[in-house]
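> what would the 3D arrangement of this be:
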Amino acid sequence: VFTHHSVPLAGIFVLHQVNERPKEIHPLNGLQKIEVLDTHTYRPFMIGRLGLLTWHFDLSVKIASQIPMYAIERSNLFSAYELADTIHNLFE
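Got it, this is the predicted structure:
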């Protein structure tokens, strides 16, 4: 079911593929969060060209200070349903 209203962001999750079948979830802190946001920025080469480096950094710091972020290790054997359950259980 979709909503037409804004919904607060509960968290940001970064998936890391591993060979085994762990269900490891690691909270990210401080500079780790900034690095993840920087790494996963869409079209990062455009930020400098548009003169938005300060804006991007300030926004990344604001997001990192307000939103919990986690790294999740998963394997190919780890189904989408298991992943969704793991994330859901984290916020219960």
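> so which bits of the helix or strand harbouring residue 56 are buried?
Here residue 56, judged by DSSP states H and E, is contained in helix 53-66. For helix 53-66, a neighbour-count test (16 or more other Cβ atoms under 10 Å) marks 56, 60, 64 as buried. The C-beta positions use only the backbone N, C-alpha and C, and glycine is treated the same way.
> quick one: contacts for the last one?
With contacts taken as Cβ atoms under 8 Å, 6 or more residues apart in numbering, residue 64 has the following neighbours: 30, 33-34, 37.
> apply 10 Å and report the result again.
Shown in contact with residue 64 (Cβ atoms under 10 Å, 6 or more residues apart in numbering): 12, 28-37.
> in the protein, which spans are strands?
12-17, 25-28, 69-74 (DSSP state E).
> which of these sits most buried?
The highest mean neighbour count among those, using mean count of other Cβ atoms under 10 Å, belongs to strand 69-74: a mean of 18.
> quick one: that one to strand 12-17, angle?
On the basis of axes from the mean of the first three to the mean of the last three Cα atoms, to 10 degrees, strand 69-74 is oriented at 30 degrees to strand 12-17.
> any residues touching strand 69-74, and which ones?
Under Cβ under 10 Å, 6+ apart, the answer for strand 69-74 is 11-18, 20-29, 32-34, 36-37, 63, 78, 80, 82-83, 86-87, 90.
> in this protein, which helix or strand is least confident?
None of the helices or strands of the chain scores lower by mean pLDDT, DSSP states H and E than helix 80-90, at a mean of 79.
> and that helix, C-alpha only, in CSV?
C-alpha atoms of helix 80-90 as CSV (Å, rounded to 0.1, in the frame of the first residue of the first chain):
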residue,chain,number,x,y,z
ALA,A,80,14.7,-10.9,0.2
TYR,A,81,12.0,-12.0,2.7
GLU,A,82,14.7,-12.9,5.3
LEU,A,83,16.3,-9.5,4.7
ALA,A,84,13.0,-7.7,5.1
ASP,A,85,12.3,-9.6,8.3
THR,A,86,15.7,-8.8,9.7
ILE,A,87,15.3,-5.1,9.0
HIS,A,88,11.8,-5.1,10.4
ASN,A,89,12.8,-6.8,13.6
LEU,A,90,15.6,-4.2,14.1
